[in-house]
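In: task: produce atomic coordinates for the following.
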Amino acid sequence: MKNIVSIFTSDIRRIVKNRSALIIVIGLAFLPSLYAWFNILSSWDPYGNTDAIKIAVVNQDKGSSINGESFNIGNDIVHSLKNNEQMGWTFVTEEEATHGVEHGDYYASILIDEDFSEKISTVITDDPVKPEVIYTVNEKINAIAPKITSSGVSSLVEIISSNFVKEANKVIFKTFNDLGIELEENLPTIEKIFNFIFEIEKEFPKIIEDVNKGSQKIDEYQQIVSDMNEHLDEVNAVLGNYYSTAVDLNEKVTKYEDWFNTISGSLNINYETLNSYLQESQSFLEQMESGELPIEELTAKKEEQMEGITSKISTIEQTVSILEAVQNWSNTSLFQEEIDQLQSLNTLLTMQLQTLESLEGQLTEENLKDFMDNEQKIKPIIQELSDNFDETTLKDLESAFQKGTETADKMMDYLQTGKELVPQAEERLGSAQQQLNALDKQLTTIEEELPYYQESLQSIADKIRTFQAEYDLLEIIELLKNNYEEESDYFANPILLKENKLFPIPNYGSAMSPFFTTLSLWVGGLILVSVLTVEVHVERRMKAGEVYFGRLFTFLTIAIMQAVIVSLGDIFLLKTYVVDKFWFVIFSIFISLVFMTIIYTLVSVFGNIGKALSIILLVLQLASSGGTFPVQLVPKVFQYFHPLMPFTYAISMMREAVGGILWGVVIEDLLYLSIFPTIMILMGIFLKKPINKHTRKMIKKARESRLMA
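Out: Coordinates of the predicted model:
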């Protein structure tokens, strides 16, 4: 231990007493700081000056229109970029942009084609076409610049898309707004429609039933028309027969004067015959009343009187028949009163005949009275009939014949019309049959489709009921009537990014200070072993372990100076952001001691080979420590080395001091970092002596080449 302390104190004295050595040591203490400070300053805020990166913008858009509204998206983009300081937007022609990008005057270019707005307008068509922004970048100028320009252009495209979505949504929600107002105005009509649908749904079974009944009625009507068609020929034949009869009748009616003379003559004779009855009856009564006739003559007179009465009854019946025939033919009742009188007369004569038939000899007083009473009734009837014959009967008879003639003529006309109407009836029945067939076909189709319509109507009604149960139409109308400008802005930017910086660091340089500070401490260790020797040149013989520890303390002392200078310079000279400044300095010192122990041990044990190993470790740690890019982004082989490198834990510990310490993380980093110097010290104790024996011969041979120090 004495020799170790002696080596350390001797080194310090020689440095202090030797001005040149002191200057060199001070320079060695400051050199790592310069490395860290310049790198931190150069990356202090690289993304704050992106406006110096020039991007050429070429606008060739000719514009377009939608529903009569003209617009030019290219001009809108140019206007937006002129107010955008994210990049150095420069507005040039296509030729200037191409030349400038090729020769490095611009890092990239954006070309807005002439049909940009035209393609935008296809959004309302069935075949929308997406417009293109042609982005050209020269990647050989700088490795990072293309990433920055790409980010700027992507941001521009997002802005364009957001504005387009906002404007498109404005049109859509304006339409919704108008729709909401219209729905509100027509709400009573809509409710009536809903109720009408429900009413139809309720009545649909009755509709189906009525259609079925209608179909059955059509079948009945078809049968009726078919039957009428079948009997139409019979009707036509019957009409023909009646027509022939009517023709004959008409021919006979034209001879009504002959008939009239015949009938009137017959009636005149009949009435004269009736008048003769009065005389015959009077004579018979006188003879009967005298009582002078013998029984044989009396019987003969009675028989003669009975024959006369029977003849008169026959005449009466004949007359009644003639009058009834004329009445029926002429379709009148002119002779009904006369017929009634004749029939009454016929009755009285029949009674007289019966009285005579009952006589057996002379008339009794009672029989005579009955006979005379009847005669008193018969006489006025016969006289009235005789008196009215010329004044009434003949005139009525003439009127009846005249009317009969007119009736016959009308019958001829009716029958002729009937014959003419038969063909028309046939035609109309055929048309009716066709219409009934067509209607039957339509009703059959309706019957077949009604279940589908019923199902569809029921489905619509169910959906309306579901809608009414789940939604309030008034609320939907109020939703549609919302402010369309606010809604379009909401859907264009539906999410507001509320950034919560857990351990905020204000600038990129401060965020990179843990990496560059850690890197400078390793570089400082490399510089020390390159300038200062790890061997001890003393007259007395010392053990390898004593030499190792004695000179290690000297290197560690200078390493502490390097850590203090670089950490304090970060805080007070560069004004880097550090939350825990004290611990930032302490962690820097600890890391510097760890790094110095590793580097010193490698050089002390392996000589110049150790220097090469230290450089290799430096290169390997730059790629695998995650100091610049997240380790997840580097190749797998470096991800494998990541937990094995001291840089990993050193940078993590320094970041804790800069952003805010989580002691669980710091303690874990301290424990892992402590493993590396422990291994190195054990290597120095046990391997320095045996390995140095072999390396001395190698170094001696190398120096003989006069190329090695």
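In: contacts, neighbours, all on C-alpha from now
Out: OK.
In: report how many residues lie close to T315.
Out: As a burial measure, T315 scores 21 neighbours (other C-alpha atoms under 10 Å).
In: one more: I589?
Out: For I589, the count of nearby residues is 23 (other C-alpha under 10 Å).
In: got it, and G74?
Out: When neighbours are counted by other C-alpha under 10 Å, G74 registers 23.
In: and it, how far from L111?
Out: Taking C-alpha to C-alpha, to the nearest Å as the measure, G74 falls 10 Å from L111.
In: shared neighbours of those two, anything?
Out: 59-60 (C-alpha atoms under 8 Å, 6 or more residues apart in numbering).
In: quick one: residues contacting G524.
Out: Residues in contact with G524, defined by C-alpha under 8 Å, 6+ apart, are 28-29, 31-32, 559, 562.
In: kindly recompute the last result at 6 Å.
Out: Counting by C-alpha atoms under 6 Å, 6 or more residues apart in numbering, G524 makes contact with P32.
In: can you tell me the helix or strand for it?
Out: Using DSSP states H and E, G524 falls within helix 508-531.
In: and if you look at G626?
Out: Using DSSP H and E, G626 falls outside every helix and strand.
In: residues contacting V579?
Out: Applying C-alpha under 6 Å, 6+ apart to V579 gives the contacts 658-660.
In: run through the stretch 251-400 of the chain and note the low-pLDDT ranges.
Out: Under the criterion pLDDT under 70, the flagged ranges of the stretch 251-400 of the chain are 251-282, 284-299, 301, 329-331, 359-369, 387, 389-391, 394-395, 397-398, 400.
In: try it again with 50
Out: Where the stretch 251-400 of the chain drops to pLDDT under 50, the residues are 255-257.
In: which stretches of it form helices?
Out: Ranges of helices within the stretch 251-400 of the chain are 256-290, 295-330, 336-357, 365-388, 394-470, based on DSSP state H, counting those that start in this stretch.
In: just the stretch 1-150 of the chain next, same as before
Out: Using DSSP H, counting those that start in this stretch, the helices found in the stretch 1-150 of the chain span residues 2-17, 19-42, 73-82, 94-102, 116-120, 145-185.
In: lowest-confidence stretch among those?
Out: Among those, helix 145-185 carries the lowest mean pLDDT, at a mean of 60.
In: so how far is V534 from I691?
Out: In terms of C-alpha to C-alpha, I691 sits 15 Å off from V534.
In: neighbour count for the two, which is higher?
Out: Comparing I691 with V534 by other C-alpha under 10 Å, the one with more neighbours is V534, at 22 against 15.
In: helix or strand for the closest residue to the more buried one other than its chain neighbours, just tell me which one.
Out: In this structure, V534 finds its nearest non-sequential neighbour in S604, 5.7 Å apart by C-alpha to C-alpha, 6 or more residues apart in numbering. Assessed by DSSP H and E, S604 sits inside helix 581-606.
In: that helix vs helix 508-531, what angle?
Out: Interaxial angle, helix 581-606 versus helix 508-531 (axes from the mean of the first three to the mean of the last three C-alpha atoms, to 10 degrees): 30 degrees.
In: average model confidence for helix 581-606?
Out: Helix 581-606 carries an average pLDDT of 95.
In: what do you get for stretch 519-530?
Out: 93.
In: residues of it that come out buried?
Out: Buried residues in stretch 519-530, counted by 16 or more other C-alpha atoms under 10 Å: 519-529.
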